[in-house]
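Engineer: sequence plus the predicted model coming up.
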Amino acid sequence: MTLGEALTAARAKIDRLDARLLLQYATGCTHTDLLARPETPLIAPAYTQFAEWVDRRAAGEPLAYLVGEAEFRGRVFQVSPAVLIPRPETEVLIELALEKLNGLASPMAVDLGTGSGIVAISLALENPAAKIAAVDISEDAIFVARNNAGRLGARVDFFQGDWLAPLAGKRFDLIVSNPPYVAHGDPHLALNGLPFEPQMALTDGADGLDCIRRIVADAPAHLNPGGWLLFEHGYDQGEASRNLLTAAGFKAAFTFPDLAGIDRVSGAHF
Ligand code: GLN
């Protein structure tokens, strides 16, 4: 079998872009190699790897878990099924966080529920003056995030624990989080590869606002005067998020849309 034939066969089972990317990962070929020399034979072990990946992808497993990495904001992050796959909408959270840190001399920020570490690591790399901490309750997630920080050269202090619990007595200029916010039983959880992702990173097992309530309630004790809390949330959680923030004594609560125009991040300062 040639590369060209393998690609054609795979396209009958999975998305054509996924087929090409998996073939590139399996063989080490570039897109140009595939276009220029489709007659190259595809032999074991690359063939075996490719065939296995195509079948697993056809069964719904996300491409990022098959190849063990995903791109976010121009950087490649390692991922495992212990962490959520980076979503492009989380860029909004990073942009707003950078804006809030901007102008502060040596700000302290913490990322709650860091997962693969994309938020903490992006902030550390894009604001070298900031001191960044990151928390996750999952030891496996911390392992992945620590590895990513090392590979990308980011200085992040990692803590294992439940939201702000491991940070007793510490205060920050910014608390940022992409918490689980999908409601229990939301049909979305059964689609688009989500069943392969860590459910504890997607849903709170309740109405979708449980973790947000907890973070909003605990954040004031960990914020410096004027410090910001920013978090990602679902398309219909903007108003509820602003109400929670205001009721907890936060000021200037706002909601910001993602690139698709959907309410995605809310925040306020204390
Ligand atoms: N935005 C993700 C999704 O809908 C959920 C991410 C999250 O719960 N933090 O797939």
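Structural biologist: In hand now; what should we look at? What you see is a predicted model; the values in this text were computed from it and never measured.
Engineer: alpha carbons of stretch 42-62, as CSV, please.
Structural biologist: The C-alpha coordinates for stretch 42-62 follow below in CSV (Å, rounded to 0.1, in the frame of the first residue of the first chain):
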residue,chain,number,x,y,z
LEU,A,42,3.6,2.7,3.7
ILE,A,43,5.1,-0.1,5.7
ALA,A,44,5.0,-1.4,9.2
PRO,A,45,5.3,-0.1,11.9
ALA,A,46,4.0,3.2,10.5
TYR,A,47,1.2,1.3,8.7
THR,A,48,0.1,-0.5,11.8
GLN,A,49,0.1,2.7,13.9
PHE,A,50,-1.9,4.6,11.2
ALA,A,51,-4.5,1.8,10.8
GLU,A,52,-5.0,1.6,14.6
TRP,A,53,-5.3,5.4,14.9
VAL,A,54,-7.8,5.6,12.0
ASP,A,55,-10.0,2.9,13.7
ARG,A,56,-9.9,4.7,17.1
ARG,A,57,-10.6,8.1,15.5
ALA,A,58,-13.5,6.5,13.6
ALA,A,59,-14.8,5.3,17.0
GLY,A,60,-14.8,8.9,18.3
GLU,A,61,-11.5,9.2,20.1
PRO,A,62,-10.1,12.8,19.8
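Engineer: list the buried residues for that stretch?
Structural biologist: Within stretch 42-62, the residues that count as buried by 16 or more other Cβ atoms under 10 Å are Leu42, Ala46, Tyr47, Gln49, Phe50, Ala51, Trp53, Val54, Arg56, Arg57, Glu61, Pro62. Just so you know, the C-beta spots here come from the backbone N, C-alpha and C atoms, and that holds for glycine as well.
Engineer: name the SS class of the most centrally placed residue in the chain, please.
Structural biologist: Nearest to the mean C-alpha position of the chain, by Cα atoms, centre = their mean, lies Pro86 at 3.4 Å. For Pro86, the secondary structure call by DSSP: H, G, I helix; E, B strand; the rest coil comes out as coil.
Engineer: enumerate the residues of the stretch 101-250 of the chain near the ligand.
Structural biologist: By Cβ under 6 Å from any ligand atom, the residues of the stretch 101-250 of the chain that approach the ligand are Asn178, Pro180, Tyr181, Val182, His188, Leu194, Leu202, Glu232.
Engineer: the second one and Gln237, how far apart?
Structural biologist: If I follow you right, that is Pro180. Going from Pro180 to Gln237 by Cβ to Cβ, to the nearest Å gives 12 Å.
Engineer: do the third one as well
Structural biologist: When Cβ to Cβ is applied, the distance between Tyr181 and Gln237 equals 6 Å.
Engineer: pull up the overlap in contacts between these two.
Structural biologist: Listed as contacting both Tyr181 and Gln237 by Cβ atoms under 8 Å, 6 or more residues apart in numbering are Gly208, Leu209, Ile212.
Engineer: dump the buried residues of stretch 42-62 to JSON lines, plus pLDDT, distance to Leu21 and secondary structure.
Structural biologist: Output for these, formatted as JSON lines (pLDDT from 0 to 100; distance: Cβ to Cβ, whole Å; DSSP: H, G, I helix; E, B strand; the rest coil):
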{"residue": "Leu42", "pLDDT": "96", "distance to Leu21": "15", "secondary structure": "coil"}
{"residue": "Ala46", "pLDDT": "97", "distance to Leu21": "14", "secondary structure": "helix"}
{"residue": "Tyr47", "pLDDT": "96", "distance to Leu21": "16", "secondary structure": "helix"}
{"residue": "Gln49", "pLDDT": "98", "distance to Leu21": "13", "secondary structure": "helix"}
{"residue": "Phe50", "pLDDT": "98", "distance to Leu21": "11", "secondary structure": "helix"}
{"residue": "Ala51", "pLDDT": "97", "distance to Leu21": "15", "secondary structure": "helix"}
{"residue": "Trp53", "pLDDT": "98", "distance to Leu21": "10", "secondary structure": "helix"}
{"residue": "Val54", "pLDDT": "98", "distance to Leu21": "11", "secondary structure": "helix"}
{"residue": "Arg56", "pLDDT": "98", "distance to Leu21": "14", "secondary structure": "helix"}
{"residue": "Arg57", "pLDDT": "98", "distance to Leu21": "10", "secondary structure": "helix"}
{"residue": "Glu61", "pLDDT": "97", "distance to Leu21": "14", "secondary structure": "coil"}
{"residue": "Pro62", "pLDDT": "98", "distance to Leu21": "12", "secondary structure": "coil"}
